[in-house]
Each structure stands twice: as structure tokens, then as C-alpha cells.
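Let's see this in three dimensions:
(chains A, B, C and D)
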Protein chains: 2
Amino acid sequence: MFPVNVELSPHSISGNIGLAELKEAGNARDAIVEAAAKCFMHSGYSETSIDDVADDLGATKGRIYHYYRSKAELFFDVHRHGMAINLNAIEPIARGEGSPYDRLQSMCKAHLANMLEHIVYQRVVLQGVEMHLSSSTTPKQREKLKLLMKEREFYEGLFRDVLLEGRQNNTFSFENPSFASKAVLAILNNPVLWYTPRKTQSVQEKNQVIEEFSAFAMQSVNAKQ
Amino acid sequence: MFPVNVELSPHSISGNIGLAELKEAGNARDAIVEAAAKCFMHSGYSETSIDDVADDLGATKGRIYHYYRSKAELFFDVHRHGMAINLNAIEPIARGEGSPYDRLQSMCKAHLANMLEHIVYQRVVLQGVEMHLSSSTTPKQREKLKLLMKEREFYEGLFRDVLLEGRQNNTFSFENPSFASKAVLAILNNPVLWYTPRKTQSVQEKNQVIEEFSAFAMQSVNAKQ
DNA sequence: CGGGAAACATACTACTGAGTATGACGTTGT
DNA sequence: ACAACGTCATACTCAGTAGTATGTTTCCCG
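Numbering: from 1, shown residues only, chains lettered A, B, ... in the order given. Now for the predicted structure:
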């Protein structure tokens, strides 16, 4: 991650260093997404104004509307960002080698690690679920929201598949696979609702949360090695 | 328990407020609360206007502002309503007779039954949590929000106490009691995010959800009879 | 029966905030 | 050197909505 906090000061001196970096990776958008994530996490979607995000950037509306057509699109992009983080971490594990037990455990721990590390994005993802429940926004944007939920369901499917595979070995036991994956993710997502990173002992704390909540998740489906 | 007591409203004595409120306090407020709950669930807090609630009532703003000083207070009342439903159902069980195992299981099933039955209110309660994360509203109303969270924590404490009691017998096993109660409630609350009541087989469906998710919750803390 | 208070409806105000139109500034290509 | 484009800032518009001020009806109580 790049904590690039571009101070304003539109002097374009220094030849190309700053600008080159900005342009190359499309970092202008990324900076916006990051600021938006921070604001959305802090104040929620509706309570966050575009001006708030702009302030956080040290810029104005113009900058944001130059890259995003609407507030909703910005939110969607933040959401996608968060989901991408999760998918990149979990999908390789889910499709990798190892027993269902080992894989599920790895997935749980990786997911929890993501929650605690990228909590800013993850809370936005949760807000996406809230938004889904609400009958939100315009008719056309509901399509995009549907797509985000598809992603989410795909992600849940990764867990469901491992669970199903493990049920064959009697590694796990449950009735409804869909319910089981929902229960597991409910536990794994819970920490984002209350966890706030502290400077001191941050690592210890995190490990404790990861260990315990992955244990809860595994036990909830009656995992046996 | 400490039923928080909101100062406006011409009634509301200091004692226990449970069902008495429903009867005595007149249907006017209750009708408003119910309509508000419906709207808040459907569109979320910020997306719901007072006029929306009024429309649902077949009335106008005047009616609502006659009983509630602000939109936030209305929300708080809906939240309290939801919490009261839960407390009335669970507290007797938590403080009642029986083994920790039996009590926790009863609590889980009762909580789930409440979720599915009063889903309108329960989703609003969840929004309350979201609001808590956000730095919301005016400085004075944050106090009330704090009180709601106190209620919520009290509720969580009921689960925590039973869990602690059961850990002594090796009925349950976990490290951090606070984490354990959060994990259990995370599972129990999950169905409100996706459950939508259907007319047909509604009873069958509900029972299935209740049975499975209470099982997940019990297993998550390694419950053994 | 009349006066007053509760229970609303109606008609405002005031303000926030999303989205736009346009201009300013720099960069790049030729 | 100039034209064209990308990248923003500034200054607007305008719709939605929380809250208020005031009128109107109904009901109760002496």
C-alpha cells in the first residue's frame, strides 16, 4: 500500500518524480479511493459528502468528479477494491492443496488478517450489504450493486465449496451448506464492527483476534481434523 | 436492567417498561414507531425522510413532530423497541433455572425466533450499530446513542455470563469471554441480513433456520452437554 | 355550552449537498 | 509557438428535506 498523502501545493517542479508516479499507475484514482474509504468508514455513505472526501484529499470536488461520474460510482469502486483484497488472498488458498480442514483454517486466518489490516475497506464492504438491503439509488445503479453482490456471493462460494468437500470426509458437519458458509463468514466479519487498531501491542492483539475467531469459525461447523 | 428513559414523551415512568408501554402509551406513538421501523428497514436511516414515514402512516409531518422532537429521537425509539423485544424474551431465560448448556441453547433459539419474527425492528437495531461506528449526528444525541449501545452491551452480557458459568463445568470452552459472546451473537444475528419471510412454509423455513443457526452458535463455543 | 388543550394538517423557512458549467493552468505533440 | 488535451479549481444551480410557525379540528371538563 502507498500512503501517498499528496500535499497540495500544485507546484510541478521536481521535473517528473511525483507526477510520473501519479500518472503511471493511475494513482490519482487510487488516492481518491483511499480517501473515500476513510471517509465512508468514518461517517458512512450517506453522511459523507463529496466535499468531505475532497477535503481529505486536500483538493476540491472538481478533482473527484473528473474521475468519477457520481458518488455511487466512487462507493462501488471502493467496494470493489475491498473485495479484490479478499479475493486475492483467499482464492489461491481455496483452490490450493491441502486437506479441507487445513484450507478452511488458512482461509479463516487470512480473511481475519485482511479484516484487521484493511479495516477501512472492509467496513465499506459491510456498508455495501446494508445498501443492498435498502432499496437504493437509481434504477441503473442497482445493476452495479447487483454485480458487487455477485462478487460477494462468489467469495462466499469459495468457503462453501471447501465446506462441502470437507463434509464428505466428515471433517465438517452441517445440514445446509449455504447456511454454514454464512455462519462462518458472520464470525469472521464480526471483528470489523468493534476492532480498532492500537499502536502498542498491535501485533499481539491482532494475533489473538485471529486465533480465537478462526477457532470459533472452525468449531461452528464442527471441524475435526 | 436499566431501561433508559427518554425525557420527552408524556408518560414513561422510571420503572420497568415492557409490554405496559404497548398498551398504555396509546397507539399513536406505536403506530409511528412501527411505520418508522418499516421505512428505516426498507431504505435505511438517512434515506428515509420524515415525510416517508408520514406517508406510510397516511398522515403528515405534523403528526410525527407532535410526538417526536427529531428524526434521531424517532430512530432511537425504534431501536429501544427492538431491544425491548429481545430483552423481554431472553433475560428470563438467562436468569432462569437449568444448566448453562440448556439456557444458552434456549437463549439462542429465542433470539433467532425474535430475529425472524420482528425482522423489521432487528434490522433497525443493526443500523444502530452502523451508526455507532459513524461519528454521527449532534453532540448531544451521541449521548443517547451511547445509552443504546449500553443496552446492547447489557444484552451481550447476558450471553457472556451464561458462557462464563458454563466454562466452569467445561460445558463451553474459549479463551476470551467477550470474544465468545460476540461470536455467538454474530451467528445469531446473521439471518436478518438475508432472511425474507415467505407466505408458504414460513413455519418450516423458520424452524430450519432456528435449528441450524443455534447449532452453529453452540458449536462455535464448543458446547458439550 | 363554552373555553381550552390535545392532536393533528398546512404552509412556510433554511440549509445541505449532489451534480454542472466553465475557466485556469500545465503538458504534450508537432 | 501554438493547438489540443488532460487535470483540476471556482462558482454556480437546484432538488430534497429537517425543522418551525401557525392554522384547524376534535374532544374533554367544568
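
any low-confidence regions in chain A?
Screening chain A residue by residue with the criterion pLDDT under 70, one finds the ranges A:1-26, A:133, A:135-137.

Now do the domain split for chain A, please.
As assigned by automatic domain parsing, chain A contains the domains A:15-68, A:71-220.

out of those, nearest to DNA strand D?
Each of the domains of chain A was scored for nearness to DNA strand D using Cβ to the nearest atom of the strand, and the closest is domain A:15-68 (2.0 Å). To be clear about C-beta, it is placed using only N, CA and C from the backbone, and glycine gets the same treatment.

Now name the helix or strand holding the residue nearest in space to the middle of chain A.
When chain A is reduced to its mean C-alpha position, the closest residue under Cα atoms, centre = their mean turns out to be A:G82, at 2.9 Å. With the criterion set as DSSP states H and E, the secondary-structure element containing A:G82 is helix A:71-94.

can you pull the buried residues of that helix?
Residues A:71-72, A:74-83, A:85-86, A:89-90, A:93-94 are the ones in helix A:71-94 that count as buried (16 or more other Cβ atoms under 10 Å in any protein chain shown).

From A:E97, how far off is A:K224?
Relative to A:E97, A:K224 is positioned 20 Å away (Cβ to Cβ, to the nearest Å).

Now do A:D77 against B:E156, distance only.
35 Å.

Make a markdown table out of the domains of chain A and add distance to chain B.
Converted to a markdown table, the domains of chain A look like this (distance: least, Cβ to the nearest Cβ, whole Å):
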| stretch | distance to chain B |
| --- | --- |
| domain A:15-68 | 4 |
| domain A:71-220 | 4 |
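
any chance of these in JSON lines, plus distance to DNA strand D?
Listed next are these as JSON lines, based on distance: least, Cβ to the nearest atom of the strand, whole Å:
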{"stretch": "domain A:15-68", "distance to DNA strand D": "2"}
{"stretch": "domain A:71-220", "distance to DNA strand D": "12"}
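
Let me have those domains in CSV, adding distance to B:W194 as columns.
Shown next, in CSV, are those (distance: least, Cβ to Cβ, whole Å):
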stretch, distance to B:W194
domain A:15-68, 20
domain A:71-220, 7
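
element containing A:H132, please.
Taking DSSP H and E as the criterion, the element that holds A:H132 is helix A:119-133.

Show me what that helix packs onto, helices and strands only.
helix A:27-43, helix A:71-94, helix A:139-168, helix B:119-133 (3 or more Cβ pairs under 8 Å, 6 or more residues apart in numbering or on different chains; DSSP states H and E).

And these: which comes nearest DNA strand C?
Nearest to DNA strand C among the helices and strands packed on helix A:119-133 is helix A:71-94; the distance by Cβ to the nearest atom of the strand comes to 3.8 Å.

and that closest one, what other elements does it pack with?
Contact partners of helix A:71-94 among helices and strands, from 3+ Cβ pairs under 8 Å, 6+ apart: helix A:27-43, helix A:50-57, helix A:100-117, helix A:119-133, helix A:139-168.

let's see it at 7 Å
helix A:27-43, helix A:100-117, helix A:119-133, helix A:139-168 (3 or more Cβ pairs under 7 Å, 6 or more residues apart in numbering or on different chains; DSSP states H and E).
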